[in-house]
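Visitor: Here is a sequence with its predicted model. Questions after.
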Amino acid sequence: MPSFKPKGLWEAKPHTQAKIEIIRQYLVRWFQILGRSGLGSRLVYIDGFAGPGKYKDGLQGSPIAALEAAKAAILQAGAALKAKEFCFLFVEKEPEFAEHLRSLITEQQWPPEIKWEVQQGTFDEQVGSVLEDLKTQRQSLAPTFAFIDPFGATGLPFRIVAEILSYPSCEVLLNLDSDGIGRLVTAQALEKNQSHLDEIFGDKSWQSELNPNLPMAQLSARVLALYKKKLRSLPKVRYVFAFAMNSRDGLLNYHLVFASQNPKGLEKMKEAMRAVDQSGAYSFSDDTVGQTLLPFNYAAPELWAMRMHQAMVGRPHAYDEFHDFALNETPFLNPKAMLECLKKLGKVEVQWLGEPPRSGFPAKKIKAILLNP
């Protein structure tokens, strides 16, 4: 154990424990897939608010969970591993926490492929500096997964999130305190918070889209909707999904928001969420219907089928459009269960490529799908 424990350690609440396990589950998949892919010799993990590495009750923090995920992926890949370096950048503002994290990492043995660094400072300063250096040197960011988990509503500059996502094979999972951001909007001394809100959304779009007179539940949903809209406005970022992390009594703590250029990234993130959420305690938060929190009920696609019908009725769509809708707007990995529901209602017409299959919706055989009223 480290020779000291920093003051101010806190216990990990259930939603925090789940969040860290989601990170672990996802990163094992991410390191395995990209480590064997040959996309680059280096993979990068960034933890923008790393913390001390361990909670008061002994639970590992996200940095140790990420390192252990890489170690597991390296050992499992064996000779199939093509990536030569697994690089970790841990950023922590508090000097004592940063030192504690260094001690925790140093006392363990890691495979030689793992390179790590703890930098003391803010996410904006440290990660922003790395990205600026890459631009200056006209270099590209290696495939990167960035976990951005600030305390509270501020400290999350959209410009840095956008810069990370501008590179291929780079993904972001961030903690969006939509309720806290809503309180910034409704604060009486709004002028003090305007710079924070400009930074969070990357511009002044919040002024026209976030009505401070709305009830807080609706305002929080609008915050989430606007943030997702901003992410989807970025070039090539087509896959954005949010799920709600709730307290024991069902109240919203924050949203975890995932963004990627690649559909497989979102598929694997949903797999990780499902692996952790065996109880159905966490929720998909649909920002189009207020702050309604809907459980990840994978066995009941009927509700989602009707939403897909509402969104896509009236004209033919390629199968990929249904697939993207399922990924971005429902808990499901693909649209097939929802299409089966609509087929039973007589609302599905398929234009097949060649002879129709005996059953199901094999993507390679579909030219287009029309949902009838």
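Guide: All right, it came through fine.
Visitor: mean confidence score for stretch 184-203?
Guide: Throughout stretch 184-203, pLDDT has a mean value of 87.
Visitor: which residues of the protein score low on pLDDT?
Guide: Low-confidence segments of the chain (pLDDT under 70): 1-10, 12, 188-189, 247-251, 277-299.
Visitor: Could you chop it up by domain?
Guide: Following automatic domain parsing, the chain resolves into domains at 14-295, 302-371.
Visitor: from those domains, which stretch is densest packed?
Guide: Sort these by mean neighbour count, taking mean count of other Cβ atoms under 10 Å, and domain 14-295 sits at the top with a mean of 18. Heads up, the C-betas are built off the backbone N, CA and C, glycines and all.
Visitor: I figured Met245 was touching Val276, is that so?
Guide: No - using Cβ atoms under 8 Å, Met245 is not in contact with Val276; the gap is 10.9 Å.
Visitor: In the protein, what residue spans correspond to helices?
Guide: In order along the chain, the chain carries the following helices (DSSP state H): 14-37, 62-77, 95-106, 123-136, 158-165, 178-186, 194-201, 206-209, 216-232, 263-276, 302-312, 319-329, 336-344.
Visitor: distance between the fifth one and the chain's centre?
Guide: The offset between the C-alpha centroid of helix 158-165 and the centroid of the whole chain comes to 13 Å, using Cα atoms, centre = their mean, to the nearest Å.
Visitor: One more: the first one?
Guide: In terms of Cα atoms, centre = their mean, the gap separating the centre of helix 14-37 from the centre of its chain is 11 Å.
Visitor: Can you work out which other helices and strands pack against it?
Guide: Under the contact criterion of 3 or more Cβ pairs under 8 Å, 6 or more residues apart in numbering; DSSP states H and E, helix 14-37 touches strand 42-47, helix 62-77, strand 144-148, strand 170-176, strand 239-246, strand 252-260, helix 263-276.
Visitor: can you redo the ones you listed as JSON lines with distance to Gln17?
Guide: Shown next, in JSON lines, are the helices and strands packed on helix 14-37 (distance: least, Cβ to Cβ, whole Å):
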{"stretch": "strand 42-47", "distance to Gln17": "17"}
{"stretch": "helix 62-77", "distance to Gln17": "10"}
{"stretch": "strand 144-148", "distance to Gln17": "15"}
{"stretch": "strand 170-176", "distance to Gln17": "15"}
{"stretch": "strand 239-246", "distance to Gln17": "11"}
{"stretch": "strand 252-260", "distance to Gln17": "12"}
{"stretch": "helix 263-276", "distance to Gln17": "9"}
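Visitor: among those, which is nearest Asn334?
Guide: Nearest to Asn334, of all the helices and strands packed on helix 14-37, is helix 263-276, at 8.4 Å by Cβ to Cβ.
Visitor: Need the contact partners of the closest one.
Guide: Helix 263-276 is contacted from outside by 18, 21-22, 25-26, 29-30, 33, 171, 173, 238-239, 241, 243, 258, 260, 282, 296, 298, 323-324, 327-328, 331, 333, using Cβ atoms under 8 Å, 6 or more residues apart in numbering.
Visitor: go on, stretch 150-163?
Guide: 48-49, 122-124, 127-128, 131, 146, 148, 172, 174-177, 180-181, 183-184, 196, 199-202, 230-231, 234, 259.
Visitor: that older thread, export the helices of the chain to CSV and tack on distance to Trp352?
Guide: As requested, those are arranged in CSV below (distance: least, Cβ to Cβ, whole Å):
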stretch, distance to Trp352
helix 14-37, 32
helix 62-77, 39
helix 95-106, 55
helix 123-136, 47
helix 158-165, 37
helix 178-186, 43
helix 194-201, 44
helix 206-209, 42
helix 216-232, 31
helix 263-276, 23
helix 302-312, 18
helix 319-329, 11
helix 336-344, 14
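Visitor: Out of these, which is closest to Leu89?
Guide: helix 123-136 (7.2 Å).
Visitor: counting contacts, what elements does the closest one pack onto?
Guide: For helix 123-136, the packing partners by 3+ Cβ pairs under 8 Å, 6+ apart come out as strand 85-92, helix 158-165.
Visitor: Report all helices and strands that the first one contacts.
Guide: I take that to be strand 85-92. Against strand 85-92 (3+ Cβ pairs under 8 Å, 6+ apart) you get strand 42-47, helix 62-77, helix 95-106, strand 114-120, helix 123-136.
Visitor: Now render these as a markdown table, adding distance to Glu355.
Guide: As requested, these are exported to a markdown table (distance: least, Cβ to Cβ, whole Å):
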| stretch | distance to Glu355 |
| --- | --- |
| strand 42-47 | 43 |
| helix 62-77 | 40 |
| helix 95-106 | 58 |
| strand 114-120 | 51 |
| helix 123-136 | 51 |
